[in-house]
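Visitor: Mind folding the following:
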Amino acid sequence: MKNFILRILVLLPLLATGCDSENDVSPEQSLNCSKLANALIANDSDKVEVEINQLLRGINGSSVEGQEKNLQELIKHLESCPTIEVTDSCFGCIFTNPAQSEIRVTVSGSNQITSKCIDLQHKDSKLIFFKLHD
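Guide: Below you'll find the model as predicted:
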């Protein structure tokens, strides 16, 4: 009983201070590398969109200059995945209205290599997933 009370007294300050779990999750923790890699290999645009937009929500800024930095952050997070390699990227290189950026990735898995392009749209001062193609 004495040990139980001692444990409660030690844990109580930790529980009282608490934390904001929404701010504790970093973008790389919210990126599910295997889900993204499998979606890219399967050419499942909907699942790729979910993973990319979830990651972008964690790193999006609100200015055009910030968007270019956000693209670099996104690339850095993608490259943290062991089976995904970013082979090329460009910021605002697709001249549409609004402009689009592109990331070319190579996914290695299941004894195959798959290359895909992820187009990102610049909308409302944020980057969002636009489409997936070869």
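
Visitor: Tell me, how many residues neighbour residue 131?
Guide: The number of residues packed near residue 131 is 14, by other C-beta atoms under 10 Å. Any C-beta I mention is one placed from the backbone N, CA and C, and that applies to glycine too.

Visitor: which SS state does it fall under?
Guide: Secondary structure assignment for residue 131 (DSSP: H, G, I helix; E, B strand; the rest coil): strand.

Visitor: got a list of what it touches?
Guide: Contacts for residue 131 (C-beta atoms under 8 Å, 6 or more residues apart in numbering) come out as 45, 119.

Visitor: now it: how far from residue 114?
Guide: Per C-beta to C-beta, to the nearest Å, residue 131 is found 16 Å from residue 114.

Visitor: which residue ranges form the helices in this structure?
Guide: Here the chain has its helices, by DSSP state H, at 2-17, 21-24, 27-30, 33-41, 45-59, 64-79.

Visitor: Lowest average confidence across the ones you listed, which one?
Guide: Between those, the lowest average pLDDT goes to helix 21-24, which shows a mean of 40.

Visitor: Excluding chain neighbours, what is closest to residue 109?
Guide: Nearest in space to residue 109, with sequence neighbours left out and distances taken as C-beta to C-beta, 6 or more residues apart in numbering, is residue 83 at 5.0 Å.

Visitor: center of this structure - which residue?
Guide: residue 55 (2.8 Å; C-alpha atoms, centre = their mean).

Visitor: That one against residue 77, yeah?
Guide: Yes: counting by C-beta atoms under 8 Å, residue 55 touches residue 77, with 5.9 Å between them.

Visitor: For stretch 117-132, measure first residue to last.
Guide: 6 Å (C-alpha to C-alpha, to the nearest Å).

Visitor: For the remainder of this discussion, apply numbering that starts at 13.
Guide: All right, first residue 13 from here; so that's stretch 129-144.
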